[in-house]
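Engineer: Return atomic coordinates for the entry below.
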Amino acid sequence: MTSTAQAQQSGAGSAHPDHLGHVIFIAAAAAMGGFLFGYDSSVINGAVEAIRGRYDIGSAALAQVIAIALIGCAIGAATAGRIADRIGRIRCMQISAVLFTISAVGSALPFALWDLAFWRVVGGFAIGMASVIGPAYIAEVAPPAYRGRLGSFQQAAIVIGIAISQLVNWGLLNAAGGDQRGELMGLEAWQVMLGVMVIPAILYGLLSFAIPESPRFLISVGKRERAREILAEVEGEHGDLDARVNEIEHAMKSEHKSTFKDLLGGGFFFRPIVWVGIGLSVFQQFVGINVAFYYSSTLWQSVGVDPTDSFFYSFTTSIINIVGTVIAMIFVDRIGRKPLALIGSVGMVIGLGLEAWAFSFDLVDGKLPAAQGWTALIAAHIFVLFFALSWGVVVWVMLGEMFPNRIRAAALGVAASAQWIANWAITASFPSLADWNLSATYVIYTVFAALSIPFVLKFVKETKGKSLEEMG
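Structural biologist: Residues are numbered from 1 along each chain as shown. Have a look, this model is predicted:
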């Protein structure tokens, strides 16, 4: 029997859970890993200048401390799948929550710079695991009729995590009199900012005890009856649950486990489609989006904005990020991935170009001239909006769709690794580049945004409305 026929027999394609609210809760709990991802990515924004002052370090060393978490992310993401296949998705989430909690405490109470860097790596490993396990778990648990909408919880959680961390940082900075190193609860304000991460980490761990294990994992370890119970819980009891269990088991046995060797071919080492995936990942990062989340408060302070106001502007940028993400979620299936990416690229060129122009002016009494200052602020929000409504969502959607079935897993792993490396390169280089020439730095980001337009036009194929099998 074909998988299509089995799905029809079991009712999987149209199954509606008896308790949709419970299914939403399960997906939201798993997406807490995305919230941690966004929160950790942005919370360091509030500590950058304090770390520089406390340890009396230059821009290059500072950048390594900020960016080193991404090394942990890459390792965590690379190993999460294998760990989850051995001990289960839920146990993987719990390990991530424990490591993140330990990292938050260690980061808040460092006794040396290397100590802080070490805890940043531990936290990075935890969110690297969570960033992989969350979407995979949601896809395996969600009823087919709701999979797309529930899967979008992960990206929504990331941008909400970014916004909440900026808001918390702003509130703590105000409580400390506008000084990142001001005393707060017996610690410096920046230490409290990092320590607050304990709260969402513990919540993530507690929620992991309230959701069921993935039916796919349970079937892989022979627990068919428990898998059947969970399928009844999330897909409804009206379909043929035994057929659903058999369908999943058959699919798992017939899957081709893609390897790195499957990606080789063509004139430049990898198959052309793999290079397109790498290109999408690299362009997504090389436009400098993470500068807006790791360094925005430092950036605004460098051109004369008051520290408290700089944190508020970082928060408003995060709100714009959420708005753009919602726009992308609404339109990605309506107008297509490729048109949305092109719209975003054009908007980013405009925003980044205006920022480069504004930062080219000399400071007057430590501040940008009023016209250039407002232009830079508005342009930064334009850039984040157009990124969020396009490349922020579209790249992850396309990477999940564009590769042929036989190489999908391995190709996605290579593309994701390229994204972490590109993220690290931008994050680690920005302080030194900004010290050299802030305007020229934004010109570089503008050039990459402009180059993404012919790249998409020439090499990227539309995947909207196509089945995964049509990808080759």
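Engineer: Just the strands from the stretch 251-400 of the chain, written as ranges.
Structural biologist: In the stretch 251-400 of the chain, the strands defined using DSSP state E, counting those that start in this stretch lie at 264-268, 270.
Engineer: which residues sit against whichever helix or strand comes after the longest one?
Structural biologist: The one in question is strand 264-268. Later in the chain than strand 264-268, the nearest helix or strand by DSSP states H and E is strand 270. With Cβ atoms under 8 Å, 6 or more residues apart in numbering as the test, strand 270 has contacts from 263-264, 278, 414. No exception for glycine: its C-beta is placed from N, CA and C like everyone else's.
Engineer: Can you report how many residues neighbour Thr298?
Structural biologist: Look at Thr298: counted by other Cβ atoms under 10 Å, it has 23 neighbours.
Engineer: is it true that it touches Glu49?
Structural biologist: Yes. Using Cβ atoms under 8 Å, Thr298 is in contact with Glu49, at 5.7 Å.
Engineer: least reliable of the strands of the stretch 251-400 of the chain going by mean pLDDT?
Structural biologist: Note on the strands of the stretch 251-400 of the chain: lowest mean pLDDT is at strand 264-268, with a mean of 69.
Engineer: Run through the residues that contact Leu99.
Structural biologist: 122-123, 125-126, 129.
Engineer: Which of those residues fall within strands?
Structural biologist: If you go by DSSP state E, the contacts of Leu99 have nothing in strands.
Engineer: For Trp374, state which of the contacts of strand 270 is nearest.
Structural biologist: Distances from Trp374 to the contacts of strand 270, taken as Cβ to Cβ, are shortest for Ile278 (37.8 Å).
Engineer: pretty sure the closest one is in contact with Val414, am I right?
Structural biologist: Yes. In this structure Ile278 lies within contact range of Val414 using Cβ under 8 Å: 6.7 Å.
Engineer: In the stretch 151-300 of the chain, where is pLDDT below threshold?
Structural biologist: 236-239, 251-252, 254-260, 266-268 (pLDDT under 70).
Engineer: Packing partners of the longest helix anywhere in the chain?
Structural biologist: Counting by DSSP state H, the longest helix found in the chain is helix 408-459. Helix 408-459 sits against helix 59-87, helix 272-286, helix 291-294, helix 296-302, helix 337-359, helix 391-401, with contacts defined as 3 or more Cβ pairs under 8 Å, 6 or more residues apart in numbering; DSSP states H and E.
Engineer: mind putting the ones you listed in JSON lines, distance to Leu438 included?
Structural biologist: Shown next, in JSON lines, are those (distance: least, Cβ to Cβ, whole Å):
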{"stretch": "helix 59-87", "distance to Leu438": "12"}
{"stretch": "helix 272-286", "distance to Leu438": "17"}
{"stretch": "helix 291-294", "distance to Leu438": "11"}
{"stretch": "helix 296-302", "distance to Leu438": "7"}
{"stretch": "helix 337-359", "distance to Leu438": "5"}
{"stretch": "helix 391-401", "distance to Leu438": "23"}
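Engineer: Tell me which of the ones you listed lies nearest to Ala157.
Structural biologist: Once the helices and strands packed on helix 408-459 are compared by Cβ to Cβ, helix 391-401 is nearest, at 13.1 Å.
Engineer: picking up where we left off before, which of the contacts of strand 270 sits closest to Leu377?
Structural biologist: Nearest to Leu377, judged by Cβ to Cβ, of the contacts of strand 270 is Ile278 at 33.6 Å.
Engineer: need the contact list for that closest one.
Structural biologist: Ile278 sits next to 270, 414-415, 418 when contact means Cβ under 8 Å, 6+ apart.
Engineer: Sounds good, over and out.
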